[in-house]
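1. Build me a model from this:
(chains A and B)
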Amino acid sequence: MMELTLALGIGVLVGSGVWLLLRPRTYQVIIGLSLIAYGVNLFIFSMGRLRMNAAAVLSSGTNVNPADYADPVPQALVLTAIVIGFATTALFLVVLLVSRGLTGSDHVDGREPH
Amino acid sequence: MAKDTSLILMIFLPFIGSAMAAFFPSNARNAEAWLAGAVTVCGLVLASMCYPAIVAEGPVRAQIEWLPTLGLNFTLRMDGFAWLFAMLVSGIGFLVVLYARYYMSPEDPIPRFYAFFLAFMGAMLGIVLSGNLILLVVFWELTSIFSFLLIGYWYHNANARDGARMALTVTGIGGLCLLAGVLLIGHIVGSYDLDVVLASGDLIRSSDLYLPALILFLLGALTKSAQFPFHFWLPNAMAAPTPVSAYLHSATMVKAGVFLMARFWPVLAGTYEWFWIVGFAGMASLLLGAYFAIFQRDIKGLLAYSTISHLGLITLLLSLGSPLGLIAAIFHMTNHATFKASLFMAAGIIDHETGTRDMQRLGGLFRFMPFTATLAMVASAAMAGVPLLNGFLSKEMFFAEAIETHADSILDRVAPYVAVLASAFAVTYSIRFIHGVFFGKLPDDLPREPHEPPFLMRFPIQLLVLTCLVVGIVPGLTIGPFLHTAVTSVLGLATPEYSLAIWHGVTLPLLMSFLALLGGALLYLLLKNYLAHCEEGPPYFRQLKGQRIFERVMVAVSWRGARFLENRLGTRRLQPQLRLLVAVALIAAAWPLYHMSFGLAAFSWNLDDAVFSGLWAIGIFCAVGAAYQAKFHRLVALIFLGGAGLVTCTTFVWFSAPDLAVTQLLVEIVTTVLILLGLRWLPKRSEEFQTDAIRMAARLRRYRDLAIAVAAGGGMTLVAYAVMTRAAPPTIADYFLEKAYTEGGGRNVVNVILVDFRGFDTFGEITVLGIVALTVFSLFRRFRPAPDSVESPEQQRVQNATDEARPDRTAGETVSDYLLIPAVIMQWLFPVIIVLAAYLFFRGHDLPGGGFAAGVAMAAAFILQYLAAGTRWVEDRLRVLPLNWIGFGLLLAALVGMGSWLFGYPFLTSHSQYVELPLIGSIPVASAILFDLGVFSLVLGATVLMLIAFAHQSVRRLRASRIAAAEEETA
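-> Residues are numbered from 1 along each chain as shown, chains lettered A, B, ... in the order given. Just a heads-up that it's a prediction; the model follows:
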């Protein structure tokens, strides 16, 4: 059952991500968000069910039997999610750097805890 | 003209006029007055034209569909009652426009005044003419907003600001209550249509929800009409320019409340609850308003409290639940509008001519302005209820109603006495106004020499006073038929016999009238000396100020209460917020799973999956490693992150998703480069010394976070497993698979979905991508690195030091020679990657690839050049214009989308066909490929822009330090 393996993988990715999300340093949070993004992308992808060796593109244009193919809808969703995920990572990274330059601290609150 | 067109024009003309008025030059007093005058006259004419139809056929209607499925339509409806009000609103509106032309000084910003005024008038007409309850509430709120703007017109004046804010707060809260009440009524009736609601009186009164609906409804009406205990906003609203007061407090705004109560009188009135709430508010306002009015020093203050008192009279009449009471109420609404508007205008003239409104400073003005004085006297007499004037007629009807018994309660028994007492007070304050202003000793310290105002400024008062007289003498011939139409439209067949004659013989009401006149006059004689020198405010009640209570409540709610809640419940720290967010998400996901069956399949595992399991063993190791190392070893964490990304990528390949794998792989590369570029600006971190107590607290915090993380990860595992082991329900995927080739002209279904079926979504996504890139770019323009990251990295310093130490090398040589062979290979890879990107792009429609993947690949080609040769070397040789590429991509995508309009298809309809090219063979030329080119260009531009924004920081820093050094040298 590959489902179990993948489900565990998703769980560990999200769990590690959530752990990092709750950490005090901005760099930890950005790594955590990236890990969560992997987990969530895989999760959405797995909603189309796991198909090994299914055709990814149509072999002929007509008389398509949908059962022969992998579900394209979650794939389309995840594809844009990957690119948008990159954009948000970049955005967070620049906010992180500017905040660090401005406050002198890389704590998520912009100042060291007392 | 069709009747429905007239109705719609009546509503829209004021708003159109308002928009036009706003754009006139600020000194165009005459043009503004002409425009506003024309709009009000149009309203009058349009309403008049509808009158015959209303008499003959009943209400006139117009409807514009809005949300028919929800029963919400822009329905307008004018019956006799609405007609009467529409005439009042437009007619007095016209007179106020004329008056304001002379009242407003050339220094005032005139366009703003007329724009707000006309919009307010439109909103008021909207309340009157709405045929749908929700629409009515919308216009109701609009009057609150525009009255706020009008009252605060002189916003440099603190009183105006406070008064406006108070009016908005009180009437706005009332409006929200009204909305809730209307929703309840709509829920009871099942429709928001006014006709349906007016026909469902029994249903509403017998409903369980009647009392809450009634209370909410009355909160709206009573706040608007400034009835006790919400009356305090009205005197404070007197900071408005006088034309505004004349309009808001005679024919509109405050009349909206009593209008609404009369409108819904057939469905809501007649119950014990209605009688008590409305009756108490009305009686208290009637008596207290009149009493307070006597002791005001400001003329407008006197008129404001008198307005509260007269509206209390109307409210009291409405509370009785008798049809005759309703008739008297409607009659008094029109009468009050006429005499109160003229009195406010007279007060404005006095203020204008003498520079003060303080009755203790004024006196003897009759000599300077006999004409105005006479007019004001007649209007005051109408206010006091002197015979032969309109105020007398409706007051007599009121007395007749007051002595009847309606609900056999304490309110009923005191009503006649309260009525006589309040009327006597009204006589007293009317005499005070006339005597204090126009007679007596002429003061010698007036700010300026008074004289009669221009004729046209006096004209509106003249007209209104004439109306008071004519209606008062021959009511049956003048207002009679119109009043009858109005009354029958509310009461229908239940309209009782009534008579408008001025002489009914020697009756009890007549005696009461004379008692009040006599008593009031006597009271004035007694109080005369006291009033000439007393301080502001009525005796005994001076300390009890509604305004102060209101301010206290506002401070408590909006400042102390808000701060208390923020301190208790809020935090500015990110970690607790994120913890809360994750916890809420966990609970929200666990709740339904706990209540409904989970349906988890049995866990099983067999050896066939060993490779895949091994892969994920690496993936899990990487994820945990990244989490473990992210604090102290950032580079290691980044490498682990990349490992997890590669495992994800492989998983996509494993499960037949090559498109995702390609994109993931490419994005992985640029993300890693991006974070690598950022690492340089982060602080060094080493284990700090911590006391045992801190370490203990930190450990506890970590255990808690670990528990949350394990719960989140475990939950995801369970949910993912539960879904994956279930059979898939039918989805729209089948549709996309079947139509991808026949309608989208491509065999790669994922790409066809992105650029064709869901092209509009993709268009939105690339727009977001472009915005993010620009944000990154612009944030970096203001970037200042922290002091400890300004210096060159340690390796560079060491290498440069080595260079300087050796005579045969110059500084910087080692750095540039570093990794020379890979750098050369990377430079040579440039054309290769371009070809790869083009390949990915062109095959995208039929095979894995597409604009997203190609764009990121192309960006990788550029970034490799930067890595290999440095920023300056690349930019000397290549024209890198990511901003242009973003713009081009977005424009192209939009133009391709709009291109389908030329052929009469909706936005982004694509057309596809195969074209034979020499050497290359048959390639698909769908219009979607142009759209995909836009996607490609934008993704390329955005990615490159973000990457080089990071890369440029080092260059900027060097340049900045060099400039600083040069400055030091010159100094």
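
2. what about the residue of chain A found nearest chain B, is that helix, strand or coil?
-> In chain A, the residue that lies nearest chain B is residue A:15 (2.3 Å; C-beta to the nearest C-beta). The C-beta positions use only the backbone N, C-alpha and C, and glycine is treated the same way. Using DSSP: H, G, I helix; E, B strand; the rest coil, the structure places residue A:15 in helix.

3. what sits against it?
-> B:709-710, B:712-714, B:716 (C-beta atoms under 8 Å, 6 or more residues apart in numbering or on different chains).

4. Repeat the analysis, applying 7 Å as the threshold.
-> Shown in contact with residue A:15 (C-beta atoms under 7 Å, 6 or more residues apart in numbering or on different chains): B:709-710, B:712-713.

5. List, out of the residues you listed, those positioned next to chain A.
-> B:709-710, B:712-713 (C-beta under 7 Å from any C-beta of the partner chain).

6. Show me which pair in those is furthest apart.
-> Greatest spatial distance among the ones next to chain A among the contacts of residue A:15 (C-beta to C-beta): B:710 and B:712, at 7.4 Å.

7. More neighbours: which of the two?
-> Using other C-beta atoms under 10 Å in any protein chain shown, the more surrounded residue of residue B:710 and residue B:712 is residue B:712, with 25 against 15.

8. Packing partners of the longest helix along chain A?
-> The helix that spans the most residues within chain A, counting by DSSP state H, is helix A:72-103. Other elements packing on helix A:72-103 under the criterion 3 or more C-beta pairs under 7 Å, 6 or more residues apart in numbering or on different chains; DSSP states H and E are helix A:26-46, helix B:658-679, helix B:733-744, helix B:749-752, helix B:759-781, helix B:927-970.

9. Against which helices or strands is the shortest one packed?
-> By that I understand helix B:749-752. Counting contacts by 3+ C-beta pairs under 7 Å, 6+ apart, helix B:749-752 packs against helix A:72-103, helix B:733-744.

10. What part of the chain, helix or strand, is modelled with the least confidence?
-> Just going to use chain A. helix A:72-103 (a mean of 89; mean pLDDT, DSSP states H and E).

11. my question was about chain B
-> strand B:921-924 (a mean of 64).

12. returning to what we had before: any idea how far the least confident helix or strand of chain A is from the chain center?
-> 10 Å (C-alpha atoms, centre = their mean, to the nearest Å).

13. out of everything not next to it in sequence, what's closest to the spatially most central residue of chain A?
-> By C-alpha atoms, centre = their mean, chain A has its centre lying nearest to residue A:37, at 1.8 Å. Distances taken as C-beta to C-beta, 6 or more residues apart in numbering or on different chains place residue A:85 nearest to residue A:37, at 4.5 Å, with adjacent residues excluded.

14. Who are the contact partners of the residue of chain B found nearest chain A?
-> As assessed by C-beta to the nearest C-beta, chain A sits closest to residue B:713 within chain B, at 2.3 Å. Contacts of residue B:713 were listed using C-beta under 7 Å, 6+ apart, and they are A:11-12, A:14-15, A:18.

15. at 10 Å what do you get?
-> A:8, A:10-19, A:39, B:623 (C-beta atoms under 10 Å, 6 or more residues apart in numbering or on different chains).

16. Could you check the pLDDT of it?
-> As summarised for this prediction, residue B:713 has a pLDDT of 93.

17. pLDDT on the helix or strand hosting residue B:266, on average?
-> Using DSSP states H and E, residue B:266 sits within helix B:265-268. Helix B:265-268 carries an average pLDDT of 91.

18. again, but for stretch B:534-544
-> Here the average pLDDT along stretch B:534-544 is 68.

19. Same check on stretch B:875-885?
-> 88.

20. Tell me the gap between it and the middle of its chain.
-> In terms of C-alpha atoms, centre = their mean, the centre of stretch B:875-885 is set 44 Å apart from its chain centre.

21. Next, the buried residues of the helix or strand hosting residue B:516.
-> Taking DSSP H and E as the definition, residue B:516 sits inside helix B:508-533. Across helix B:508-533, burial judged by 16 or more other C-beta atoms under 10 Å in any protein chain shown covers B:509-510, B:512-513, B:516-517, B:519-521, B:523-524, B:527, B:531.

22. cool, stretch B:740-750 as well?
-> Using 16+ other C-beta under 10 Å as the test for burial, stretch B:740-750 gives B:740-741, B:743-750.

23. next one: stretch B:753-772
-> Within stretch B:753-772, the residues that count as buried by 16+ other C-beta under 10 Å are B:753-759, B:762-763, B:765-767, B:769-770, B:772.

24. Closest to residue B:39 out of those?
-> Comparing the buried residues of stretch B:753-772 against residue B:39 with C-beta to C-beta places residue B:767 closest, at 41.9 Å.

25. picking that back up, shouldn't the residue nearest to the centre of chain A be in contact with residue A:81?
-> Yes: between residue A:37 and residue A:81 there is a contact under C-beta atoms under 10 Å: 7.7 Å.

26. Can you check what pLDDT the model gives residue 37?
-> By default, I'm working from chain A. pLDDT for residue A:37: 94.

27. Switch to chain B, please.
-> On the pLDDT scale, residue B:37 is placed at 92.

28. circling back: what about the contacts of residue A:15, which are in strands?
-> Among the contacts of residue A:15, the subset assigned to strands under DSSP state E is empty.

29. Could you dump those into a markdown table with distance to residue B:671 added?
-> Below are these laid out as a markdown table (distance: C-beta to C-beta, whole Å):
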| residue | distance to residue B:671 |
| --- | --- |
| B:709 | 23 |
| B:710 | 27 |
| B:712 | 23 |
| B:713 | 22 |
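
30. Can you give me every residue that contacts residue B:868?
-> With contact taken as C-beta under 10 Å, 6+ apart, residue B:868 is in contact with B:819-820, B:822-830, B:874.

31. Helix or strand for it, just tell me which one.
-> Taking DSSP H and E as the criterion, residue B:868 maps to helix B:851-869.

32. Next: residue B:66.
-> Counting by DSSP H and E, residue B:66 is part of strand B:60-67.

33. hmm, who's touching that strand?
-> By C-beta under 10 Å, 6+ apart, the residues outside strand B:60-67 that reach it are B:2-11, B:47, B:49-51, B:53-54, B:72-79, B:82-83, B:129, B:131-132, B:134-135, B:193-195.

34. Would you mind giving me the ChimeraX syntax to select the buried ones in these?
-> With 16+ other C-beta under 10 Å as the criterion, this ChimeraX line picks the buried residues out of these:
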select /B:3,6,7,8,9,10,11,47,50,51,54,72,73,74,75,76,77,78,79,82,83,129,131,132,134,135,193,194
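
35. Among the contacts of strand B:60-67, name the ones in helices.
-> Applying DSSP H to the contacts of strand B:60-67, the entries found in helices are B:3-11, B:47, B:49-51, B:53-54, B:82-83, B:129, B:134-135, B:194-195.

36. Report the distance from stretch B:665-676 to the chain centre.
-> On C-alpha atoms, centre = their mean, the centre of stretch B:665-676 falls 43 Å from the chain's centre.

37. same check, this time on stretch B:933-950
-> Counting by C-alpha atoms, centre = their mean, stretch B:933-950 comes out at 37 Å from the chain centroid.

38. okay, it in CSV with CA atoms only?
-> Output of stretch B:933-950 as CSV, limited to C-alpha atoms (Å, rounded to 0.1, in the frame of the first residue of the first chain):
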residue,chain,number,x,y,z
LEU,B,933,3.5,32.7,-24.4
GLY,B,934,2.1,35.4,-22.2
VAL,B,935,2.3,33.0,-19.3
PHE,B,936,5.9,32.1,-20.2
SER,B,937,7.0,35.7,-20.6
LEU,B,938,5.4,36.7,-17.3
VAL,B,939,6.8,33.8,-15.3
LEU,B,940,10.2,34.4,-16.8
GLY,B,941,10.1,38.1,-16.0
ALA,B,942,8.8,37.6,-12.5
THR,B,943,11.3,34.9,-11.6
VAL,B,944,14.3,36.8,-13.0
LEU,B,945,13.1,40.1,-11.4
MET,B,946,12.9,38.5,-8.0
LEU,B,947,16.3,36.7,-8.3
ILE,B,948,18.2,39.6,-9.6
ALA,B,949,16.6,41.9,-7.0
PHE,B,950,18.4,39.7,-4.4
